[in-house]
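> dropping the sequence and predicted coords here.
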Amino acid sequence: MISYAGIANPFGTGTYSVEMNSKLLRRYRYIHEQLFFCAAGQLPARENWHLKAALGKHLYEDAEAAGSLRRRILELRTSPMLLQKQPNVTLALLFDELIHARSDLELLVGVYRVVKRALLKAFTQHMTDTQQLVDYPTVRLLKALSSDLREQIAWGEGMIETLQQEGESLELAAEFESRITGYLDAAGGISGEQGTSTHVPARWRSGNVYEMPKQAIRDAKKMGTPTMGRTAVPNLPEDPLKIRLIGMMKARQEEMSAVENLASVIYDQKLMPWEFYEDLARHLWDEVRHALFGQAALEAEGIDWMSLRQYVGGYDPLIEKLPAQRYALLSIGFEEKAMRRPGKIAEYEFCRDEAKHPLMERFQDYDWADEVTHAAFGRKWTPELFGEDLDYVRQVADVELAEREKIFQAWAKQQEAGNQ
């Protein structure tokens, strides 16, 4: 079609007025936001490494989706105050229950088989039903979000199949899938098109408030024992350059602990502007990518990194602290300080000039660029979290660093005593 810039059926009135369109998009926005918070709350509790990594990617995409929907909603003569409201009590109850998934499989079927699959179906219908010319901005937005959803759903189904092949029974997650489906149906579906049931379902597991786990979980069947200290790769040749290079790879892989810290900050820190959650979602996904940098580099060297002890020291000793303290330690205590020499610059130059390792040179180049962004996030948001200026936050970060060092020294002494 040449006329109307290729937009089909410009003469149809479409189904949605501006008001109705805004109402539906507010439901979609709410669902993406709740999926985002659910993934953050669940990430440290899930044991499968690949699921942890995917949750980091998908919560970033959900945060971006929610932000895009927010911006489109405001273009539809909608008060910003309406973005603070939940659209339906039963829809809210669904997410109260979803966060209580007790296993990798339960979370997978609840998110990818029930909610995201239904969300994709609703987006597809919305793009068909709306007036194609007047509402092109919404069509274009939902088309992009649908592309992400298709990839996410395909990944989720692949992960479910993998877990089944490894001996996990899908029957153990069947009741959870049925319950989440029931809550969604009672809420009228994603768009409310089915009509909301006047019979509000009873709470199931959500009678107890969900709390972040006190210890980050690792796959006990496949991965090394969790440890508070950094772990070296054994049996390396007596080559200082090689030892330092492999150590840097392992340090990157261990950044999943920073991911879990950020997930806890996102979930526990309530009532911040949505921009805060978008920035931390990006920060979190960057740290997942850094962990995958390390994974890829170690695997390229033929190193079985998964069997080594797995570092959780960036999460376990911090979870009892305030979210502001957790974020200040990471973004100001570590990442802002890493901008000074030797810091990230030296890591990159070592890989380029001494180790002459092209893959790690590329990884460290982008790791350095990401950390510049993260330090900026820290300077932007930690004063808001503390209600104090940045100098105060830097002093707090120094106190947290000193306390952390004492914790790790005590842990190291316990380990040494246990080995004697």
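Yes, it's here.
> use CA for all of it now, contacts and neighbours both
OK.
> and L292, that's in a strand?
No - counting by DSSP: H, G, I helix; E, B strand; the rest coil, L292 is not part of a strand but helix.
> which ones are touching it?
252-253 (C-alpha atoms under 8 Å, 6 or more residues apart in numbering).
> sketch out the low-pLDDT regions of the chain for me.
Scanning the chain for pLDDT under 70 picks out 418-420.
> where along it do the helices fall?
Taking DSSP state H as the test, the helices found in the chain are 18-42, 49-74, 89-98, 104-108, 116-129, 136-165, 174-186, 240-253, 256-268, 274-300, 323-328, 343-349, 358-386, 390-419.
> can you tell me the centre-most residue of the chain?
Centroid check for the chain by C-alpha atoms, centre = their mean gives G56 as the closest residue, at 3.1 Å.
> would you enumerate the residues in contact with the residue nearest to that one when sequence neighbours are not counted?
In this structure, G56 finds its nearest non-sequential neighbour in W285, 5.3 Å apart by C-alpha to C-alpha, 6 or more residues apart in numbering. Residues in contact with W285, defined by C-alpha under 8 Å, 6+ apart, are 56-57, 60, 259.
> list buried residues within the residues you listed.
Buried members of the contacts of W285, scored by 16 or more other C-alpha atoms under 10 Å, are 56-57, 60, 259.
> pick out the most distant pair among those.
The largest separation in those, counting by C-alpha to C-alpha, is between Y60 and V259 at 11.9 Å.
> between these two, which contacts overlap?
Contacts common to Y60 and V259, judged by C-alpha under 8 Å, 6+ apart, are 284-285.
> identify the residues contacting stretch 157-168?
Taking contacts as C-alpha under 8 Å, 6+ apart, the residues outside stretch 157-168 that touch it are 51, 105, 108-109, 112-113, 170.
> now do stretch 111-121
For stretch 111-121, contacts defined as C-alpha under 8 Å, 6+ apart pick out 28, 35, 98, 146, 149-150, 152-153, 156-157, 177, 180-181, 184, 189-190.
> and D353, how far from E238?
Using C-alpha to C-alpha, to the nearest Å, D353 is found at 20 Å from E238.
> right, I mislabeled it, should have said S68
S68 is 52 Å from E238, where distance means C-alpha to C-alpha.
> more neighbours: those two, which one.
Between S68 and E238, S68 has the larger neighbour count (other C-alpha atoms under 10 Å), namely 16 against 8.
> in contact with the more buried one, which residues?
Contact analysis of S68 by C-alpha under 8 Å, 6+ apart lists L141.
> same question, A66
Here A66 is in contact with 28-30, 32-33 (C-alpha under 8 Å, 6+ apart).
> want to throw those residues into a markdown table with neighbour count and distance to L133?
As requested, these are arranged in a markdown table below (neighbours: other C-alpha atoms under 10 Å; distance: C-alpha to C-alpha, whole Å):
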| residue | neighbour count | distance to L133 |
| --- | --- | --- |
| Y28 | 22 | 21 |
| R29 | 24 | 22 |
| Y30 | 23 | 26 |
| H32 | 24 | 26 |
| E33 | 21 | 28 |
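> C-alpha coordinates for stretch 410-420, PDB please?
The C-alpha coordinates for stretch 410-420 follow below in PDB (Å, rounded to 0.1, in the frame of the first residue of the first chain):
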ATOM      1  CA  ALA A 410      36.300 -12.200  60.500                       C
ATOM      2  CA  TRP A 411      35.000 -14.700  57.900                       C
ATOM      3  CA  ALA A 412      38.500 -15.300  56.700                       C
ATOM      4  CA  LYS A 413      39.700 -16.100  60.200                       C
ATOM      5  CA  GLN A 414      36.900 -18.500  60.700                       C
ATOM      6  CA  GLN A 415      37.800 -20.300  57.500                       C
ATOM      7  CA  GLU A 416      41.500 -20.400  58.500                       C
ATOM      8  CA  ALA A 417      40.600 -21.800  61.900                       C
ATOM      9  CA  GLY A 418      38.300 -24.400  60.300                       C
ATOM     10  CA  ASN A 419      41.100 -25.600  58.000                       C
ATOM     11  CA  GLN A 420      43.600 -26.200  60.800                       C
END
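> centre of the chain versus that stretch, how much separation?
Relative to the centre of its chain, stretch 410-420 is centred 34 Å away, using C-alpha atoms, centre = their mean, to the nearest Å.
> ok, and what's touching that stretch?
Applying C-alpha under 8 Å, 6+ apart, the external contacts of stretch 410-420 come out as 228-229.
> just checking, Y327 touches F377?
No - here Y327 lies out of contact with F377, judged by C-alpha atoms under 8 Å, at a distance of 10.0 Å.
> the two: which is more packed in?
Shown here are Y327 and F377; by other C-alpha under 10 Å, Y327 has more neighbours (25 against 20).
> residues contacting the more buried one?
With C-alpha under 8 Å, 6+ apart, Y327 has these contacts: 261-262, 265, 378, 382.
> for the helices of the chain, which one ends up most surrounded?
Mean neighbours per residue, mean count of other C-alpha atoms under 10 Å, is largest over the helices of the chain for helix 256-268, with a mean of 25.
> pull the distance from it to the chain's centre.
Distance of helix 256-268 from its chain centroid, counting by C-alpha atoms, centre = their mean, is 8 Å.
> quick check: end-to-end length of stretch 338-346?
10 Å.
> please enumerate residues in contact with it?
Taking C-alpha under 8 Å, 6+ apart as the rule, stretch 338-346 contacts 337, 364, 367-368, 371-372.
> would you turn these into CSV with distance to V200?
Below are the contacts of stretch 338-346 laid out as CSV (distance: C-alpha to C-alpha, whole Å):
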residue, distance to V200
K337, 52
Q364, 52
D367, 48
W368, 50
E371, 46
V372, 48
